[in-house]
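[1] Sequence and predicted model, in that order:
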Number of protein chains: 2
Amino acid sequence: MPPHHWEERPTSALFTDLYALTMLQAYVREGMAEKAVFDFFVRRLPQNWNYVIACGLADVLHYLENLTFSADELDFLAELGGFSQEFLDYLAGFRFTGDVYAMPEGTIAFPLEPLIEVVAPLPQAQLVETFLINQVHLQTLMASKAARVVHVAQGATVVDFGTRRAHGTDAAVKGARAFHVAGVAATSNVLAGRIYGMPVRGTMAHSYIQAHDDELEALRQFTSLYPETVLLVDTYDTLAGVKKVVTLAQILGNSFNVRAIRLDSGDLATLAHAARRILDEAGLHCVEIFASNSLDEYAIAELVSKGAPIDGFGVGTRMSVASDAPTLDCAYKLVSYRGRGRMKLSAGKSSLPGRKQVSRLQEGGMYTRDVIALADEHLAEGEPLLVPVMREGKCLPAGQGTLSAARERAQQQRDLLPPRLRSLDAANPPYEVRISELLESQRDQLRAALES
Amino acid sequence: MPPHHWEERPTSALFTDLYALTMLQAYVREGMAEKAVFDFFVRRLPQNWNYVIACGLADVLHYLENLTFSADELDFLAELGGFSQEFLDYLAGFRFTGDVYAMPEGTIAFPLEPLIEVVAPLPQAQLVETFLINQVHLQTLMASKAARVVHVAQGATVVDFGTRRAHGTDAAVKGARAFHVAGVAATSNVLAGRIYGMPVRGTMAHSYIQAHDDELEALRQFTSLYPETVLLVDTYDTLAGVKKVVTLAQILGNSFNVRAIRLDSGDLATLAHAARRILDEAGLHCVEIFASNSLDEYAIAELVSKGAPIDGFGVGTRMSVASDAPTLDCAYKLVSYRGRGRMKLSAGKSSLPGRKQVSRLQEGGMYTRDVIALADEHLAEGEPLLVPVMREGKCLPAGQGTLSAARERAQQQRDLLPPRLRSLDAANPPYEVRISELLESQRDQLRAALES
């Protein structure tokens, strides 16, 4: 059984912005520990994006279940200064005891919709902010970016090659998982394969070819060990490399079983066409063409539009940092405390008050619109997207979904999206997200009260 | 003593691209374990950048010193398939025994210059590729981005607020350190403060204000616990918030010691001017103004050019993902094996063969140019930038530099950069990096031999 979580030990409780702790001390001193509701939501989408895929919940729930302060962490806080012994004693007994409602991983979501709602005593709901945003932002971003890549590949295999350029080890491993949720077939990252039980792929680098004095000899050696491998052909001259694969096939005869060649530089469309011709003329119709090098959804769309005979794509850097949209405008905001709605009015950053539910409506086998309503409105129509995933600090079955379930959910939901929303361009009109009349009137009342 | 390294346990040896292991098995079978040299270098700079700041070496050396395969990791590889028992036995005894030459952290570097050279038996030098690139890319990117931010802030304090939007926990913690190398004063990340012994800052979020029924009461409560705090004033209406701080000062009289207010939305220049007037008219000249919200070097430059009376900047998202340049075009390439230079000819991706040294020349107290030469040329002129940091797998004193030494080095070197290179725009002319005649002729000879 894979451990399913990246950390063999729990994430440190010190992985937090300092202000969480200064606020906590104030809340504890003021006796402000009544029930709060915080929403995590995306404020607006990156240019050209039409939806996001919710991801990161598994790590958040694991964190919430295991969040404690160790003695040496408390010693550090004592050294840091500004914290009373009374507060450090409070932290020593800290556990997360709240409830969590969330869209299961793989759910398609739209701006302003809560992906996660945390309902807990105010200090608890506040303390978990930094890790929750860090993880849900990263993983939702990665899954959403990868969904675009997978969509334009039109069924060709997409493999994650991004570990080296992902921002750090955590992003590489969590990214591999998020990409898989979005439909990426496999990762090059062995650790991610171990942790998540997902497929791992990889063959050779240029250095292997270079370390040999002769390119053909390098290809021959590698193939003798891995008969069904993918051979990299562009170290010196791509088409000369392809011809060496043909020579190797002639040498090996019936024992030649190379699965594919890989192109990693130059004009991939032109080279793929030329390589396909060379392979086909040699009768090597079964040898597939795999391409990599600065690929993203736009580059793949162009290759596909040119009819490039490419059977699989290795996608690295540009997917692993979502290079054209490396952040989502998202937030984790207090929306209710002591049963009263709360909101910000800050320019461009206002929020929707109160506990909520999101309902998704279908017509003719396609999603037509979502409605964001108050949780206790009990809308008659549509499928409710937020489900209870944690109660009193303990994970519920709905919070223990597997990676493959998340992957299937993402696939099923994308199949129900109107085609204009699956496009690489901004859909016109965008997907409709309504705010219920009751929620709208509560927001307007609260705004008026706060502005008065 | 802070532990100095993020992982309390070593990074898993499985944090690698699968191809490293498939190649290793081939190398071991072919008996290819002679000395190889790999260079890590930046191919080209992001638009408008003039230099990078080398960072990440400490984590690489720590990794190299501790790299082993545990029994359960080997069990996983056996399950994964494709690896012989003989190879798994080889991995069970794997240790990194090579030498490393590197620019110390905080060194300014330019395209094509090796930041790190790994000299080790080929399988060892190959296996460490993924982690090395992952870390040096991330940390060099973060330090280089932050140097631009610190430069334009012109002495105003810069604090890292980016933990929540950094890509994962590793990027948040390593980023905090890299920003500090580049001159950022402090981080909001408590864990980074603990690991690296660096300053930590933080006060309150909007949720604290919102959770109270009255804004003034929230400010009063927080100030009674933290008399010298920074008060967030923009939750509902920024200038009304500033006036509440004035009211609080009138209530508290001589015991009012609030250090600053924080603006986090809206037109920061206009609001800072207006807030300064309100504070000054109330005699609160000592209360500083701290600003945050979507800041980067360009936004800060604009605020500075407008004379906005801002004493400190909280910089988050855009620095923590280097949003306009979230990756560096960089590589870790085989440049020598068995004493022979090696290179790629792939379009746009060629490399310089052989072990190297980089010399930096000064004139009139300013850097004038760098020369990339072969390591054994022993150039008479200039300061050699690559120093031995590891020998036979053991860290040398030069590889054990402290965070503060790296920070001082970055500061000293930036002071020696011609002013045009410190600018936010691409310098014209760019910094001169020459390739020595001998290196150039060796590259040309090797290219001719490979193309023949």
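    Thanks, I have it.
[2] isn't residue A:120 right up against residue A:36?
    Yes: when contacts are counted by Cβ atoms under 8 Å, residue A:120 is listed as touching residue A:36 (6.6 Å). Heads up, the C-betas are built off the backbone N, CA and C, glycines and all.
[3] Show me what stretch A:376-387 is in contact with.
    By Cβ atoms under 8 Å, 6 or more residues apart in numbering or on different chains, the surrounding residues in contact with stretch A:376-387 are A:101-104, A:107, A:109, A:113-114, A:117, A:355-362, A:370-371, A:373, A:375, A:398, A:436, A:438-439.
[4] just stretch A:316-328 next, same as before
    A:42, A:45-47, A:49, A:52, A:137, A:140-142, A:144-146, A:149, A:160-167, A:171-172, A:175, A:179, A:292, A:294-296, A:299, B:165, B:167, B:317-318, B:321-323, B:326-327.
[5] Please list the members of those residues that lie in strands.
    Residues of these located in strands (DSSP state E): A:42, A:52, A:160, A:292.
[6] what would these look like in TSV with pLDDT, distance to chain B and neighbour count?
    Putting the ones in strands among the contacts of stretch A:316-328 into TSV (pLDDT from 0 to 100; distance: Cβ to the nearest Cβ, whole Å; neighbours: other Cβ atoms under 10 Å in any protein chain shown) gives the following:
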residue	pLDDT	distance to chain B	neighbour count
A:42	97	13	26
A:52	98	15	24
A:160	98	10	31
A:292	96	12	19
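[7] Tell me the one of those residues nearest residue A:304?
    Nearest to residue A:304 among the ones in strands among the contacts of stretch A:316-328, counting by Cβ to Cβ, is residue A:292 at 15.4 Å.
[8] what's the pLDDT at the nearest residue to that closest one once chain neighbours are set aside?
    Spatial nearest neighbour of residue A:292, chain neighbours left out: residue A:314 (3.4 Å); criterion: Cβ to Cβ, 6 or more residues apart in numbering or on different chains. On pLDDT, residue A:314 comes in at 98.
[9] quick one: the helices in the stretch 201-350 of chain A?
    A:206-211, A:215-225, A:238-252, A:268-281, A:297-305, A:317-320 (DSSP state H, counting those that start in this stretch).
[10] ok, the residue in the stretch 201-350 of chain A that chain B sits nearest to - contacts?
    In the stretch 201-350 of chain A, the residue that lies nearest chain B is residue A:202 (3.0 Å; Cβ to the nearest Cβ). Applying Cβ under 8 Å, 6+ apart to residue A:202 gives the contacts A:188, B:17, B:18, B:19, B:20, B:21, B:22.
[11] now the residue lying closest to residue A:53 once chain neighbours are set aside: how far from chain B?
    Distances taken as Cβ to Cβ, 6+ apart put residue A:143 closest to residue A:53, at 4.1 Å, once the chain neighbours are dropped. From residue A:143 across to chain B, the span is 13 Å (Cβ to the nearest Cβ, to the nearest Å).
[12] follow-up on the earlier one: what separates the nearest residue to the residue of the stretch 201-350 of chain A closest to chain B once chain neighbours are set aside from residue A:190, distance-wise?
    Spatially, and ignoring its direct neighbours in sequence, residue A:202 is nearest to residue B:18 (3.0 Å; Cβ to Cβ, 6+ apart). The gap separating residue B:18 from residue A:190 is 5 Å, by Cβ to Cβ, to the nearest Å.
[13] Quick check: neighbours shared by the two?
    In contact with both residue B:18 and residue A:190: residue A:200, using Cβ under 8 Å, 6+ apart.
[14] out of the two, which sits in the busier spot?
    Using other Cβ atoms under 10 Å in any protein chain shown as the criterion, residue B:18 and residue A:190 rank with residue A:190 on top: 27 against 23.
[15] Sounds good, over and out.
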